[in-house]
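**Q** Predicted model, plus sequence, below.
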Amino acid sequence: MSEVQSSVGGTLEDFLDDLGERQEVYGEAIKRVLTWQIDEARKKQSISKSDMAMRMGTSRTQVNRVLDPHNVAVSLDTLDRAARSVGKKLRIELVDD
C-alpha cells in the first residue's frame, strides 16, 4: 500500500508524519501566522517598515526577513521585538502533543 493510500482516512498529522515533513510544515505555518498578524497590526497602525525597524533597533532589511513568511530562521527574541514594535506581545506556550 502506498503512503497516500495508508493515510486515507487518517489525519493530516499522520500523513505529514508518514512523509517525514510534519515539523517543517508546522514551523512554516506558525511563522506564516505570526508574520501575518504582525504585518496586519503594522498596517492597521500605519507603521512603515522603516519605522518598525527603528522601533526594533534594527534595519529595514531585517524587518523584511522577519515579515518573510518563508524565513523560519528568525529568533524568538526578534519576533518578540517585532511584535512589541507594533504594540503586541508575543506569547509562547507548551501544550501536550
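**A** Sure thing, it's come through. Numbering: from 1, shown residues only.
**Q** What is the least confident helix or strand in this protein?
**A** Taking mean pLDDT, DSSP states H and E as the measure, the chain has helix 3-7 as its least confident helix or strand, at a mean of 47.
**Q** Tell me which stretches of this structure form helices.
**A** Assignment of helices within the chain using DSSP state H yields the ranges 3-7, 12-19, 22-44, 49-56, 60-67, 76-85.
**Q** Can I get these in JSON lines including mean neighbour count?
**A** All C-beta spots, glycine's among them, are computed from the backbone N, C-alpha and C. Formatted as JSON lines, the entries for those read as follows, by neighbours: other C-beta atoms under 10 Å:
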{"stretch": "helix 3-7", "mean neighbour count": "11"}
{"stretch": "helix 12-19", "mean neighbour count": "14"}
{"stretch": "helix 22-44", "mean neighbour count": "14"}
{"stretch": "helix 49-56", "mean neighbour count": "17"}
{"stretch": "helix 60-67", "mean neighbour count": "17"}
{"stretch": "helix 76-85", "mean neighbour count": "17"}
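**Q** Nearest to Asp96, out of these?
**A** Evaluated with C-beta to C-beta, the helices of the chain place helix 12-19 nearest to Asp96, the distance being 13.7 Å.
**Q** what mean pLDDT does the closest one have?
**A** Taken as a whole, helix 12-19 has a mean pLDDT of 68.
**Q** now Arg32: how far from Thr58?
**A** Arg32 is 21 Å from Thr58, where distance means C-beta to C-beta, to the nearest Å.
**Q** just Ala73 next, same as before
**A** Distance, Ala73 to Thr58, by C-beta to C-beta: 15 Å.
**Q** repeat for Ala83
**A** As judged by C-beta to C-beta, Ala83 and Thr58 stand 14 Å apart.
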